[in-house]
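Trainee: got a sequence here, can you build the structure:
(chains A and B)
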Amino acid sequence: MKSQNKTIVVTVVITVIVLLAAFYFLMPVFGPRFMHPLMSERMHGNSSQVNASDLDTSTEKLTENGAFKVSFKSELDPIVIGPIHSWTIHVETADGQPVEGATILVDGGMPEHGHGLPTAPQVTQDLGNGDYLVEGLKFQMGGWWEVKFNISADGTTDNVTFNLVLGG
Amino acid sequence: MEQRITSRLIWCWAGKRVQKRFIHTAVLLTLTALILSGCGSQTTAWSDAEVQILQTLWIGNLPSLPSDPSNRFGDDAKAAALGEKLFFDTRFSSNGKVACATCHDPEKNFQDGLPRAQGVGTTTRRAMPIAGTAYSPWLFWDGRKDSQWAQALGPLENPVEHGGTRTQYVKLIQAYYKDEYESIFGELPDFSDTSRFPESAGPVPAGLTNGTDAATNWEAMTTEDREAVTQVYVNMGKAIAAYERTLMPGESRFDQYVEAVLKNDSQAAESILNQDEIAGLKLFIGDANCTRCHNGALFTDNDFHNTGVPAIENLPEDTGRALGAQQVLADEFNCLSAYSDAAPKDCDELRFILAEGEALMRAYKPPSLRDVALRAPYMHAGQFTTLEGVLNHYNEAPAAPKGHSELEMLHLSKTQLDQIIAFLKTLSTIR
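Mentor: Have a look, this model is predicted:
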């Protein structure tokens, strides 16, 4: 019984040593992604990693409270990282009437990185028929971007967020 | 009791002989895994998404040189020829010893290898490389200038760089470059009347320059005379910019590798970069997050980032882009100024500049990484003497001295950091 116990202890110790050695040597191969879950959570900061394919990247959306239907068209098609460029956004009521004379604020950023847009884009022209020119948009890195519009018209204010997933 | 049951169970599971085998098997498995891992890295398969990123970094992806609407002489060969001469002419300084090329030495990749540039005095920042800056909407570490010509005019009047003044410079143009100047920009005003045009005058910080108070002299001049001087001074900048526009990085081993990958020629690819360099490239575009800022064919997004680079003791406080944004908006030579040739619609970067917010505090422009291995020391004030120092900083992601660092800890091993450095060395222009 004693010698049996001894063998077990030796076995377990050797196995543990071997496994630890293997883990140590294989670290560079595993890469940090397969490290301890605690570690990986610390690394990525927020555990809410978003899968790009799950995002709603439609270019036409109802605002959060359903007040307006908003769509955008970029001067750059496809949108690539680097150049400063303009969008035209179209705003209409939920039942399809163009909204003119709206006050529109632009904001956005990369939720996963916690930073905003690299520029301060603005709506510079009311083009009529519910169309507005947004100038000064720029995305300087690949990944998930949000572009948000705060729209006020006829005493109603509502928000809409468009998602972009850019390569590069 | 419990312990006994456990040990019995283990015993039942592994008889003595089996146990021995188990140990052997474990050792064998580990060795196999180690060997396999070594073999595994011998072939590098790139995913479609990775190939796409490689292509964006490839020099063949560099768009054709964008025009500079603010400089209508930007593509004038005669202006570039004059600009090149001015770039190397040490007479354009307070002590006759400093030219642009003093800190931007062509032999050293248009920089000086010093932590802080040395002109007639010592600056508080690292001299930046020039190649490819024609693509950048912002110049200097903090982007306080928005064109190459406006940038070139900054150091000329900086008391610790060239240390001279604009009347001094336009008089030099009259003395040594009159014909060349006039063949490009038209008639040169006569600056020889020293009662109207003092030897040393310019909108520089108050104090003695060349033995006289240049700021007071400048104030005493008529508006028309000041404008005449400034126009010639601006044209000097535009000539220098026409020359600097021609400075581009060349093809590197990395570019040859990407070309081979794009052609699906894996054999050629593997003969261009070794396994460490390829592994470093994979980390660069993947787990190390480098392409967040170092993207595109010039490996820079030309934006501004706080990466927690330490502040240097005894230097005045440096707020980076927070101040640079205000300076470029107020700059007498910016894109919207009277000296710019651009229409307001060509000044979108300035019109829609992000000029407020915490993100600008101690944010600096990432320089191009092309030829980076030839350009130690690193960061805006030469904080790190080696690439190892830089990579360790990115790996550890310390808190910023002020503002908020965008870095996250990378948890990369020493081997992985060395691989990234091996990759960075492949970005040197093949000469």
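Trainee: can you list the domains in chain B?
Mentor: Structural domains annotated on chain B: B:48-64+B:250-315+B:363-427, B:77-244, as defined by automatic domain parsing.
Trainee: now render the ones you listed as CSV, adding mean pLDDT.
Mentor: Listed next are the domains of chain B as CSV, based on pLDDT from 0 to 100:
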stretch, mean pLDDT
domain B:48-64+B:250-315+B:363-427, 97
domain B:77-244, 96
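Trainee: so can I have JSON lines of the ones you listed showing mean neighbour count?
Mentor: C-beta coordinates here come from the backbone N, C-alpha and C atoms, glycine included. As requested, those are exported to JSON lines (neighbours: other C-beta atoms under 10 Å in any protein chain shown):
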{"stretch": "domain B:48-64+B:250-315+B:363-427", "mean neighbour count": "19"}
{"stretch": "domain B:77-244", "mean neighbour count": "19"}
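Trainee: any idea which of those gets closest to chain A?
Mentor: domain B:48-64+B:250-315+B:363-427 (3.9 Å; C-beta to the nearest C-beta).
Trainee: nearest to A:V13, out of the domains of chain B?
Mentor: domain B:48-64+B:250-315+B:363-427 (26.3 Å; C-beta to C-beta).
Trainee: quick check, the closest one touching chain A?
Mentor: Yes - Domain B:48-64+B:250-315+B:363-427 reaches chain A (C-beta under 8 Å from any C-beta of the partner chain) through B:49, B:52-53, B:56, B:287, B:291-293, B:295-296, B:301-304, B:406, B:408-413, B:415-416.
Trainee: from B:P106, how far off is B:P66?
Mentor: B:P66 sits at a distance of 23 Å from B:P106 (criterion: C-beta to C-beta, to the nearest Å).
Trainee: check the closest residue to chain A within chain B and give its pLDDT.
Mentor: Using C-beta to the nearest C-beta, the single residue of chain B nearest to chain A is B:F352, 2.5 Å away. Note for B:F352: predicted pLDDT of 98.
Trainee: residues in contact with B:F254?
Mentor: If you count contacts by C-beta atoms under 8 Å, 6 or more residues apart in numbering or on different chains, B:F254 has them with B:57, B:273, B:281, B:423, B:426-427.
Trainee: ugh, typo on my part, it should be B:I430
Mentor: Applying C-beta under 8 Å, 6+ apart to B:I430 gives the contacts B:250-253, B:256.
Trainee: break down chain A into its helices, ranges please.
Mentor: For chain A, helices defined by DSSP state H occupy the ranges A:2-30, A:37-44.
Trainee: weakest of those in terms of mean pLDDT?
Mentor: helix A:37-44 (a mean of 42).
Trainee: my read is that B:D76 contacts B:I184, right?
Mentor: Yes - the pair B:D76 / B:I184 is scored as a contact, 6.3 Å apart, by C-beta atoms under 8 Å.
Trainee: about what we covered before: where's the closest residue to the residue of chain B closest to chain A other than its chain neighbours relative to B:L54, distance?
Mentor: Among residues not flanking B:F352 along the chain, A:G136 sits closest, at 2.5 Å (C-beta to C-beta, 6 or more residues apart in numbering or on different chains). According to C-beta to C-beta, A:G136 and B:L54 sit 30 Å apart.
Trainee: what's the neighbour count on the residue nearest to B:F352?
Mentor: 24 (other C-beta atoms under 10 Å in any protein chain shown).
Trainee: for it, give me its contacts.
Mentor: Contacts of A:G136 by C-beta under 8 Å, 6+ apart are A:84, A:86, A:119-122, B:348, B:351-352.
Trainee: just name the closest of these to B:L336, please.
Mentor: Among those, and counting by C-beta to C-beta, the member closest to B:L336 is B:R351, at 7.5 Å.
Trainee: which residues touch the closest one?
Mentor: A:135-136, B:336, B:344.
Trainee: which positions in the stretch 51-200 of chain B make contact with chain A?
Mentor: B:52-53, B:56, B:137.
Trainee: the residues you listed in helices, which ones?
Mentor: Reading helices off these with DSSP H, I get B:52-53, B:56.
Trainee: which residue is nearest the middle of chain B?
Mentor: B:P367 (1.8 Å; C-alpha atoms, centre = their mean).
Trainee: contacts only, for that residue.
Mentor: B:128-129, B:300.
Trainee: does it count as helix, strand or coil?
Mentor: Under the three-state scheme (DSSP: H, G, I helix; E, B strand; the rest coil), B:P367 adopts coil.
Trainee: report the two of the contacts of A:G136 separated the most.
Mentor: A:S86 and A:A120 (13.9 Å).
Trainee: which residue lies nearest the spatial centre of chain A?
Mentor: Centre-nearest of chain A using C-alpha atoms, centre = their mean is A:W144, 3.2 Å out.
Trainee: quick one: that residue and A:N163 touch, right?
Mentor: Yes - applying C-beta under 8 Å, one finds A:W144 in contact with A:N163, separated by 6.6 Å.
Trainee: how about B:F197: what's its closest non-neighbour residue?
Mentor: B:F191 (4.5 Å).
Trainee: what helices and strands are in contact with the strand or helix carrying B:K238?
Mentor: Using DSSP states H and E, B:K238 sits within helix B:223-244. With contacts taken as 3 or more C-beta pairs under 8 Å, 6 or more residues apart in numbering or on different chains; DSSP states H and E, helix B:223-244 sits against helix B:77-88, helix B:148-157, helix B:166-176, helix B:178-185.
Trainee: count of residues packed around A:N65?
Mentor: Count around A:N65 with other C-beta under 10 Å applied: 12.
Trainee: what sits closest to it if chain neighbours are left out?
Mentor: A:D158 (5.0 Å).
Trainee: skip the chain neighbours and tell me the closest residue to A:D154.
Mentor: Setting aside the residues directly before and after it, A:D154 is nearest to A:V99 in space (C-beta to C-beta, 6+ apart), at 7.6 Å.
Trainee: ok, that neighbour touching A:H90?
Mentor: No - with contacts counted by C-beta under 8 Å, A:V99 stays clear of A:H90, the gap being 9.0 Å.
Trainee: quick one, domains of chain A?
Mentor: If you go by automatic domain parsing, chain A breaks into A:2-44, A:59-166.
Trainee: what's the least confident stretch among those domains?
Mentor: Across these, the lowest-scoring stretch is domain A:2-44, with a mean of 64.
Trainee: how distant is stretch A:105-122 from the center of its chain?
Mentor: Per C-alpha atoms, centre = their mean, to the nearest Å, the displacement of stretch A:105-122 from the mean C-alpha position of its chain is 11 Å.
Trainee: list the buried residues in that stretch.
Mentor: A:106, A:108-111, A:113, A:115-122 (16 or more other C-beta atoms under 10 Å in any protein chain shown).
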